[in-house]
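>>> Okay, here's the prediction I keep looking at, along with the sequence it came from:
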Amino acid sequence: MGKNRHVLIQVLLNTLMISQIFRTSKGDVGSAAQYSPPYLPTNCYGAESSQFPTSNLFAAAGEGIWDNGASCGRQYQVRCISAARPGTCVPDMTILIKIVDYAGTLVSSPSSAGTTMILSQTAFGAIANSTAASINIEFQQ
């Protein structure tokens, strides 16, 4: 009985530890690339230039978050969490972006294909070294 109790306590402690690790996550994890002008027209709002936030912090949604266009206008908090080259992420920097386009129909080519989001040059540069092709991100609507 003593050995079973020890195993049970160990399992409970491991479960508690794992739950604390996952609790610190603030959102979903994905990847991001960047794209440069021209940004118009967009799949969400056509040629309307007023669609862009004055901060120029916007993005195109990749297939995973596009949601058949329902993501148009959604806002996400985004931060860089890692990249292939150490030191790429701007530490402790989180930005708020607006989805204005679909990655599959961009006018200009993204720096990397198949990512969760394609950030504007301004948005990408705010959270990472702009010479990187792609980064790993944490994001939350």
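Received, thanks. Numbering: from 1, shown residues only.
>>> And the strands in the chain?
Counting by DSSP state E, the chain has strands at residues 28-35, 58-61, 75-82, 94-102, 117-120, 135-140.
>>> so which of those comes closest to residue 88?
Minimum separation from residue 88 across these (CB to CB) falls at strand 135-140, 6.2 Å. Backbone N, C-alpha and C define where each C-beta goes, glycine included.
>>> what's residue 102 in contact with, if anything?
Residue 102 sits next to 43-44, 60-61, 66, 69 when contact means CB atoms under 8 Å, 6 or more residues apart in numbering.
>>> Dump those to TSV, plus pLDDT, distance to residue 84 and neighbour count.
Listed next are the contacts of residue 102 as TSV, based on pLDDT from 0 to 100; distance: CB to CB, whole Å; neighbours: other CB atoms under 10 Å:
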residue	pLDDT	distance to residue 84	neighbour count
43	96	29	18
44	97	30	20
60	98	22	26
61	98	23	25
66	97	25	19
69	97	31	12
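>>> Now for these: which two are most distant?
The widest separation within those (CB to CB) is 12.0 Å, between 60 and 69.
>>> Okay then, goodbye and thanks.
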